[in-house]
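In: Generate coordinates for the sequence data below:
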Amino acid sequence: MNATAQRPARRLGCELLDDRIVPAVVGAFADGTWLWREASGWQQLTSEVAIDVHLDDAGVVVGAFDFGLWRWTDASGWAQLTDLVPQQVSTTAGGIVYADFGGAGVWRWSTDIGWLQLTTLDPTGIAAADSGVLFGIFGNSTWAWGPGVGWAQLAPVAANILTPAVVGGETVAFASFAFGTWRWSSVTGWAELSTTPAQALATSESGVMYGDYGAFGLWRWDGFNGFLQLTTSDPLEIDAGPTGDVYADFGTNLGLWRFVDTFGWIQLAPGFTQDNSVDAGNNLYADYGAGSAGVIGLWRYSPANGWIQLTPDDAFLISARR
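Out: Numbers count the residues shown, from 1 in each chain. Presented below is the predicted three-dimensional model:
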């Protein structure tokens with residue numbers, strides 16, 4: 001991709017898009033921040049390079065830059081939310097923004113209210129569920145904040161990993177602690193799943209959890225069947241799709257695979273990826289960077305149509321439409 005827009009000075013420039021269609025992915029490249037849509041291809045949003053980027057269900061982009069946090073819409077282009085640079089950002093599919101500003105605390109932004117400070121404390125981690133519930137790790141404890149409810153301590157210990165989901169209208173979170181893997185529900189509270197802590201977790205909207213347990217391999221858990229070992233291999237990255245599939249990158253020797261509950265494992269490509277993101281249509285966006293096993297650039301895999309290369313350029317980071 002070649003940038004054609006003039007680089008703005010502390011001001012984000014944009015070109016408006018006319019089509020509104022999924023699937024889509026936003027990425028930060030060496031020449032700026034770009035949005036790809038299936039109907040119209042690539043469009044440069046700005047020549048500024050985002051340091052964090054998110055894409056919601058409506059196609060709205062939230063980007064963190066080294067001069068603040070910004071929001072892009074198809075109709076209005078860029079608008080600055082704040083000149084503070086967040087340490088962490090987590091967004092919902094509906095467009096709510098949660099931002100950790102370090103010493104300035106954790107804040108929530110929405111189109112109807114604007115900014116609302118949730119706490120003056122500085123968390124080590126935040127993760128937002130699409131229900132609007134925010135999970136936060138503060139010191140040696142794990143907390144949740146909900147609209148109209150406020151903060152509640154979930155555990156007097158800090159989760160090492162926490163991934164939220166909304167399953168049938170119920171907010172859940174899968175968490176790995178030093179003493180094992182647990183599931184929290186807004187209805188039933190905590191339930192222990194395993195005494196073994198996970199290296200990585202991935203969850204789907206169907207309620208399926210995938211856990212990478214290192215030397216013990218990759219496992220699948222659901223509420224009906226419990227745990228099932230999928231492989232003894234240790235993946236580098238796992239990404240769950242909305243229907244319960246999982247994409248797993250096993251590195252140079254084994255490559256990239258997809259597990260489907262009704263079919264088992266399917267090898268998608270050789271080599272390893274630098275970054276992956278799955279959209280609401282279960283399409284995988286895989287960044288191969290400068291190259292692995294002869295594959296370069298950013299690609300999209302569709303379960304229906306297979307692979308297409310979106311660009312030979314290396315993305316610093318990507319976020320698919322949820």
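In: Okay, buried residues for stretch 303-317 please.
Out: 303, 310-311, 313-317 (16 or more other Cβ atoms under 10 Å). C-beta coordinates here come from the backbone N, C-alpha and C atoms, glycine included.
In: Which one of these is nearest to Gly291?
Out: Gly291 lies nearest to Asp314 out of the buried residues of stretch 303-317, by Cβ to Cβ, at 8.9 Å.
In: In TSV: the buried residues of stretch 303-317, plus secondary structure.
Out: Shown next, in TSV, are the buried residues of stretch 303-317 (DSSP: H, G, I helix; E, B strand; the rest coil):
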residue	secondary structure
Pro303	coil
Leu310	strand
Thr311	strand
Asp313	coil
Asp314	coil
Ala315	coil
Phe316	coil
Leu317	strand
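In: Pick the one among these closest to Gly146.
Out: Using Cβ to Cβ, Leu317 comes nearest to Gly146 of those, at 28.8 Å.
In: Return the per-residue confidence for the closest residue to Gly255 other than its chain neighbours.
Out: Of all residues not flanking Gly255 in the chain, Pro270 sits nearest, at 4.3 Å (Cβ to Cβ, 6 or more residues apart in numbering). Reading off the confidence values, Pro270 has pLDDT 90.
In: list the contacts for Pro270?
Out: Pro270 makes contacts with 255-256, 292-295, as judged by Cβ atoms under 8 Å, 6 or more residues apart in numbering.
In: Report the separation between it and Thr231.
Out: As for Pro270, its distance to Thr231 is 17 Å (criterion: Cβ to Cβ, to the nearest Å).
In: Likewise for Gly214?
Out: With distances taken as Cβ to Cβ, Gly214 is found 12 Å from Thr231.
In: ditto for Ser90
Out: In this structure, Ser90 lies at 30 Å from Thr231, with Cβ to Cβ as the measure.
In: do Gly132 as well
Out: Separation of Gly132 from Thr231 (Cβ to Cβ): 35 Å.
In: what does Ser302 give?
Out: Using Cβ to Cβ, Ser302 is found at 24 Å from Thr231.
In: Ok, Trp190 next?
Out: Separation of Trp190 from Thr231 (Cβ to Cβ): 28 Å.
In: which phi and psi does Phe216 have?
Out: Note on Phe216: its backbone torsions stand at phi -90, psi 0 [degrees, to the nearest 10].
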